[in-house]
Each structure stands twice: as structure tokens, then as C-alpha cells.
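Participant: my questions concern the predicted model and sequence given below.
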Amino acid sequence: MQKVQFYSFDRNPNLKERTRLKFFIEKIFTYERKRLCNLSYIFCSDEHLLTINRDFLKHDFYTDVITFDLSSSKNEIEGEIYLSVDRITDNAKRLGFSFKEELHRVIFHGALHLCGYKDKNKEELLIMRTKEDKYLNLYFK
């Protein structure tokens with residue numbers, strides 16, 4: 001059974017090679033020595049993710065990704081990752097990346113959160129970016 005699923009709420013990112021990407025995401029957890037049980041990615045709009053951000057995190061701002069760890073134990077990871085296709089599109093343009101690269105960076109970013117990586121301070125963010133780059137390079141090589 002496939003452990004990674006993709007859903008479109010109100011946006012479709014037109015993701016290519018979905019099966020390959022799902023298996024690669026599973027590999028990230030293996031590389032990070034984590035056991036993945038179930039992971040859902042939900043692609044949505046800025047407005048939908050803003051509502052989630054307000055309702056669940058009490059944050060009143062746009063973001064590109066929100067990760068919910070639904071694991072019942074540290075040994076078996078389950079989660080939902082919500083991604084704003086609108087925000088990813090805008091960030092790609094603003095940062096000078098292709099939509100495809102930025103989309104995959106954010107997809108991997110959400111998985112890395114479930115592996116225990118944080119991004120709240122400069123040191124954590126540097127580690128997170130290094131991991132994102134590592135997996136982007138492995139995926140696109």
C-alpha cells in the first residue's frame with residue numbers, strides 16, 4: 001500500500017511523476033531513520049491555508065506550508081501537509097526559482113518537519129535548508 005497520498009482541495013499543482021515522487025518521499029523518511037505509516041499532502045489556495053493557519057495555529061498570515069503531525073507514537077509517523085499553490089507560485093517568482101523546484105522544496109520541507117526538523121531560528125533554518133537542498137539534488141539528479 002502506498003504510504004503517501006496527494007489530494008487537491010481547491011488547487012491542482014499539475015504534479016508530474018507522482019508515483020516516483022511518492023516513493024522518493026518515503027525514502028526521505030528511510031534516510032532520516034523514521035518509519036512512515038501514512039502521509040497526506042493537500043494542495044490548496046492561499047485563502048484556505050490562511051483559514052487553517054487562523055483556526056488551528058492562531059496565526060493571521062499567509063504561509064506556503066502547514067504540517068500536522070498526527071502520529072500516535074514517535075516510532076510511526078502519520079501526518080497531513082497542507083500546501084498553498086498560490087504562495088508557492090509567488091515565492092518561486094520572488095526568489096527566482098522555477099515553480100517545479102519551489103514546489104518540491106516545500107513538499108520536502110513538510111516531510112522534514114515530520115522527521116523532527118524545525119525552522120524557528122537561524123540555526124534550525126540553516127539545517128532545514130541544507131536538508132532540503134540535499135533531497136532536491138538527490139531527486140533531480
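Facilitator: Arrived safely.

Participant: and the closest residue to Leu15 other than its chain neighbours, its phi and psi?
Facilitator: Take Leu15 and drop its neighbours on the chain: the residue closest to it by CB to CB, 6 or more residues apart in numbering is Phe6, 6.4 Å away. Where you see a C-beta, it was placed from the backbone N, CA and C, and this is true even at glycine. For Phe6, the backbone dihedrals are phi -120, psi 130 (criterion: degrees, to the nearest 10).

Participant: next, find the distance separating Phe6 from Thr51.
Facilitator: According to CB to CB, to the nearest Å, Phe6 stands 21 Å off from Thr51.

Participant: got a list of contacts for stretch 18-25?
Facilitator: Stretch 18-25 has contacts (CB atoms under 8 Å, 6 or more residues apart in numbering) with 2-6, 15, 39, 104, 107-108, 111, 135, 138-139.

Participant: same question for stretch 112-125.
Facilitator: 28-29, 32, 34, 39, 67, 69, 71, 77, 79, 81, 109, 127-128, 131-132, 135.

Participant: what do you get if the cut-off is 10 Å, keeping everything else the same?
Facilitator: Stretch 112-125 is contacted from outside by 28-29, 31-34, 36, 39, 65-71, 74, 77-81, 109, 111, 126-132, 134-135, using CB atoms under 10 Å, 6 or more residues apart in numbering.

Participant: just the buried ones from those?
Facilitator: 28-29, 32, 34, 36, 39, 65-68, 71, 77-81, 109, 111, 128, 131-132, 135 (16 or more other CB atoms under 10 Å).
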